[in-house]
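Undergrad: Sequence and predicted model, in that order:
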Amino acid sequence: MTRYWKKVEDDLLRSPEETMGFSNELTTLKQNFVIKKFDFSSLDQVAQIKKELMSRKILIINAQDLLKSVDVTKLKRGIEDLKIFLRENGGSMARLGEQYLIMTPNSYIKISN
């Protein structure tokens with residue numbers, strides 16, 4: 001005789017991921033990410049920003065001081081360097097208002113524009 005229904009125990013979900021609707025393929029999302037505010041006041045900090053991103057931090061960057069003190073062409077070169085770094089690692093960047101940027105470290109977290 002064939003069984004046309006499941007036992008109640010078969011329908012119980014075994015993990016919080018299953019309860020939220022995540023499949024087993026998305027277990028890599030269990031990485032820890034930290035959101036951090038970063039004051040960008042010098043172009044010498046580009047390397048430090050890259051290091052922060054590599055350590056799984058989502059950065060909200062305040063560039064107000066940098067906008068006042070640096071030549072626009074130098075600033076564009078610094079931002080382009082960060083864009084290339086983010087493209088290579090699957091991250092993303094967006095502007096928040098006039099003085100803030102947000103950067104994500106890899107392809108697991110994307111910014112919708």
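TA: Received the coordinates, thanks. These numbers come from a predicted model, not from an experiment. Numbers count the residues shown, from 1 in each chain.
Undergrad: How about residue 62: what's its closest non-neighbour residue?
TA: Among residues not flanking residue 62 along the chain, residue 39 sits closest, at 5.1 Å (C-beta to C-beta, 6 or more residues apart in numbering). The way it works is simple: take the backbone N, C-alpha and C, and place the C-beta from them, glycine included.
Undergrad: and stretch 88-103, which residues are buried?
TA: For stretch 88-103, burial by neighbour count (16 or more other C-beta atoms under 10 Å) applies to 91-93, 101, 103.
Undergrad: What of stretch 38-56?
TA: Neighbour counts over stretch 38-56 (16+ other C-beta under 10 Å) mark 38, 40-41, 43, 45-46, 49-50, 52-53 as buried.
Undergrad: And for it, what's in contact with it?
TA: 31-34, 36, 59-63, 65-66, 69-70, 74-75, 78, 81-82, 85-86, 89, 91, 101, 103, 105-106 (C-beta atoms under 8 Å, 6 or more residues apart in numbering).
Undergrad: returning to what we had before: so which two of the buried residues of stretch 88-103 are the farthest from each other?
TA: Largest separation among these by C-beta to C-beta: 91 and 101, giving 11.9 Å.
Undergrad: longest helix of this structure?
TA: In the chain, taking DSSP state H as the definition, the longest helix is helix 72-89.
Undergrad: packing partners for that one?
TA: When contacts are defined as 3 or more C-beta pairs under 8 Å, 6 or more residues apart in numbering; DSSP states H and E, helix 72-89 sits against helix 46-54, strand 92-96, strand 100-104.
Undergrad: which parts of that helix are buried?
TA: Residues of helix 72-89 classed as buried: 75, 78-79, 82, 85-86 (neighbour count, 16+ other C-beta under 10 Å).
Undergrad: Between these, which sits nearest residue 111?
TA: Closest approach to residue 111 among those (C-beta to C-beta): residue 86, at 10.3 Å.
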